[in-house]
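Novice: Provided below are the primary sequence and the corresponding predicted coordinates.
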Amino acid sequence: MTFQGTKLAFASALALCAGLGVAQAQQTDITVALQLEPPHLDPTSAAAGAIDQVLYSNVFEGLTRFMGDGSVVAGLAKSWDISEDNLTYTFHLQDGVTFHDGSAFTADDVKFSLDRARAEDSVNAQKALFEDIASVEVVDPLTVTVTLAQPNGSFLFNLAWGDAVIVAEESIEGIKNAPVGTGAFQFANWVQGDKVELTRNDAYWGDAPALTEVTFKFISDPTAAFAAMMAQDIDAFVSYPAPENLPQFDADPRFQVLRGSSEGETILSTNNALPPLDDVKVRKAIAHAIDRQSIIDGAMFGLGTPIGTHFAPHNPDYVDLTANSAYDPELSKQLLAEAGLPDGFTTTLKLPPPSYARRGGEIVAAQLRAVGIQTEITNLEWAQWLEQVFRGNDFGLTIISHTEPMDIGIYARPDYYFQYDNPTLQELIETLDATTDPAKRSELLQQAQTIISEDYVNGYLFQLAVPTVADARIQGLWENAPTQATDLTGVSWAE
Amino acid sequence: MIRSRNLLLGGLLCLIVVAGALVSFLWTPYDITVLDIPNKLQTPSLQHPFGTDHFGRDILSMIMIGARTSLAVAIVAVGIGMGIGVPLGLWAASNKGGWIDEIIMRGNDLVFAFPSLVIAILITAVMGASALNAIIAIGIFNIPVFARLTRSGALSLWEREFILAARVAGKSKARISFEHILPNVGNLLIVQGTIQFSLGILAEAGLSYVGLGAQPPIPSWGRMLADAQTMVSFAPHLAMVPGLAIITAVLGLNLMGDGLRDLLDPRIRVVRQ
């Protein structure tokens, strides 16, 4: 008995010491959970946002970069000069930058990265970002000039994308499994199906981050996400999958909840090539049959901002066009009758896994049913959705959030999955791309928003909110998501 | 006494479920195709005895129509199992030891060897998720159960004198199987049918839970459970009600199966007496 008692006392003394030890040392590791695991780790060769979500700004950097508020600032390029005719950009690179494998970052790497991205056989998911580049010239190791074929007002913005990060020729072979960048963290380990680990890059050229070890965990199941967060197995969950649980985290002093805006326009994507959806009257009828507020309340538990066009409401050029498609089921029935479909019609509604789509889909289906449009709902996994809907164009309606920033240009691509073909808009987007004057660009952007809204290309539902649930002591997380990223360079634990 | 109590309680529980499903064809307290989002997640009250779900639909109405889905899937699945399994079992028994018997029984073993739910998931994943494919998947796994049961019941019957008499009278094997063997394995089949029925309801709930059963907007108990999953911590009734519905149906059918066996199987009756 006595012996056991001593052992117990000893054990508790040990435990006490351990507890004190933790309290005294500043915590420098963090475990961040994300919903989706990246398919591989090369942000320059896939459309998967999950790759940037792990690597952007942490491991890879571009010449320019996005900040948490959506602004574009200097990255690996210290500064730049733009010629009078807006065609030549001269970038002055940061000095003393090395890649994680020790090789020096020079103008050659910039030339290699940009040439690789815009090459004929490039697999870059956003080749359009680079298509105006005519040539990339190395002036000296720290200076690079990029010549454009035509002026491009958003060129510096384009270079901030995760698809435009700088990679090194020496390490390009293994980039998909062992990415080598210039960022504040270097890749350490990837346990497929579970986690990606990063460690601090002690040779980082910029301000040293407060964190030394970073683990990204991948949890797609909302119930598991809730359990892991509540048990504090994870320190933060970026883009938390179940908005219905947020009030509980709000009420718990251990946690903080950030409700940020994202670039995700959540839309009822419509196959513009499939009768009867190719008739603008039918699409208008769908638009008027939808009650956005119900969808936001029912599917997102109130989290989200109604939109009337494909543009983020926090952008200064946004035009509120929600009135174009106000909830009016009577008008909707009338429009269907005018389109020669007084009894409605039947179409498919294919839904990817996120809850905004699955729950939103049920609400949309009920609202469409009320005006006589029957939908056959099919729930699809991501791979099936990409194959059938995004690449196969085999769908009538689908619900999806377009999370790329400033992506209104997709409406000028008739081969894009919703197959909208309007030469007027295509011309307008072409003019926009060649315009550098901010006032003129703003005007053109507003025109484009109005055209697609009045053509009812898709049903415009709401701007997706990005809830981040985190330990209350963590500071410096991005609240908004101007691009898909989890920038941890400025994150630290409060004392 | 014990056996009648089982039968009575089981029958009563089943009656509740069946009555709910039948009434739902004519009337439900609320129209579940209309979403009433401002009234979502209400706790049970007089207006909504089981509360409302995350879309403001009346859960009682959903459960009633969900019972329809569950019963329909289970009935057809058991029907497939019996319709194909029983003749196969009779055929195998009438050719005992022959190559037909071997093929049928080894085929059965093959189907038995796979975990049924995993194969059901595979079937629905390949052919697409729908109530129909769930029925097919569950039905296929009922076939060997009935085939084996019928065969073993029939084998002992083939040894009996009245069968011998029928053979002497010149009746064909097929005719004997259907005229004499089948009526005598009927009791076994009814009891097993009840059990399979309850397993069918469970399987449908399981498939719907993982999203491979009936697709929205058709309500299904399994999907109601799945939808409720993230809301259990603040709206437990969302998960409890469909859970209780599944328990009611499965428990009722199992009790009824037990009761029926006691009633129909003379050997057990003798022991009890």
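Specialist: Happy to help now that I have it.
Novice: can I get stretch B:198-208 as PDB, trimmed to CA atoms?
Specialist: Backbone C-alpha positions of stretch B:198-208 (Å, rounded to 0.1, in the frame of the first residue of the first chain) are rendered in PDB as follows:
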ATOM      1  CA  SER B 198     -35.500  -6.800 -40.600                       C
ATOM      2  CA  LEU B 199     -32.000  -7.200 -42.000                       C
ATOM      3  CA  GLY B 200     -33.200  -5.600 -45.200                       C
ATOM      4  CA  ILE B 201     -34.400  -2.600 -43.300                       C
ATOM      5  CA  LEU B 202     -31.100  -2.300 -41.500                       C
ATOM      6  CA  ALA B 203     -29.200  -2.700 -44.800                       C
ATOM      7  CA  GLU B 204     -31.300   0.000 -46.500                       C
ATOM      8  CA  ALA B 205     -30.700   2.300 -43.600                       C
ATOM      9  CA  GLY B 206     -27.000   1.600 -43.800                       C
ATOM     10  CA  LEU B 207     -26.800   2.200 -47.500                       C
ATOM     11  CA  SER B 208     -28.700   5.400 -47.200                       C
END
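Novice: so the residue most central in space within chain B is in which element?
Specialist: The centroid of chain B falls nearest to residue B:197 when counting by Cα atoms, centre = their mean (1.9 Å). Here residue B:197 sits within helix B:182-209, counting by DSSP states H and E.
Novice: other residues contacting the helix or strand just after that helix?
Specialist: Next helix or strand after helix B:182-209 toward the C-terminus (DSSP H and E): helix B:221-228. Under the criterion Cβ atoms under 8 Å, 6 or more residues apart in numbering or on different chains, residues B:53-54, B:59, B:62-63, B:66-67, B:69-70, B:204-211, B:213-214, B:216, B:235, B:238-239, B:241-243, B:245-246 lie in contact with helix B:221-228. The way it works is simple: take the backbone N, C-alpha and C, and place the C-beta from them, glycine included.
Novice: which residue ranges of the stretch 151-300 of chain A form strands?
Specialist: Assigned by DSSP state E, counting those that start in this stretch, the stretch 151-300 of chain A shows strands spanning A:185-191, A:195-200, A:213-218, A:236-238, A:255-270.
Novice: distance from the shortest one to the middle of the chain?
Specialist: Between the centre of strand A:236-238 and the centre of its host chain there is 15 Å, according to Cα atoms, centre = their mean, to the nearest Å.
Novice: next one: the second one
Specialist: Distance, stretch centre to chain centre, for strand A:195-200: 21 Å (Cα atoms, centre = their mean).
Novice: over to the third one?
Specialist: Taking Cα atoms, centre = their mean, one finds strand A:213-218 lying 18 Å from the centre of the chain it belongs to.
Novice: might you enumerate the residues of chain A proximal to chain B?
Specialist: Within chain A, the positions lying close to chain B (Cβ under 8 Å from any Cβ of the partner chain) are A:222-223, A:226, A:242, A:244-245, A:247-248, A:294, A:297-298, A:359, A:361-363, A:365-367, A:369-370, A:376-379.
Novice: where do the domain boundaries of chain A fall?
Specialist: Using automatic domain parsing, the domains assigned to chain A come out as A:29-34+A:178-261+A:466-493, A:62-170, A:263-464.
Novice: got JSON lines for those domains, with mean neighbour count too?
Specialist: Output for the domains of chain A, formatted as JSON lines (neighbours: other Cβ atoms under 10 Å in any protein chain shown):
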{"stretch": "domain A:29-34+A:178-261+A:466-493", "mean neighbour count": "19"}
{"stretch": "domain A:62-170", "mean neighbour count": "18"}
{"stretch": "domain A:263-464", "mean neighbour count": "19"}
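Novice: which of those sits closest to residue B:90?
Specialist: Closest approach to residue B:90 among the domains of chain A (Cβ to Cβ): domain A:263-464, 40.1 Å.
Novice: what about that closest one, how long is it end to end?
Specialist: 7 Å (Cα to Cα, to the nearest Å).
Novice: try stretch A:303-319
Specialist: Using Cα to Cα, one end of stretch A:303-319 lies 20 Å from the other.
Novice: nearest to chain A: which residue in the stretch 151-273 of chain B?
Specialist: Proximity to chain A, evaluated over the stretch 151-273 of chain B using Cβ to the nearest Cβ, is greatest for residue B:230 at 4.3 Å.
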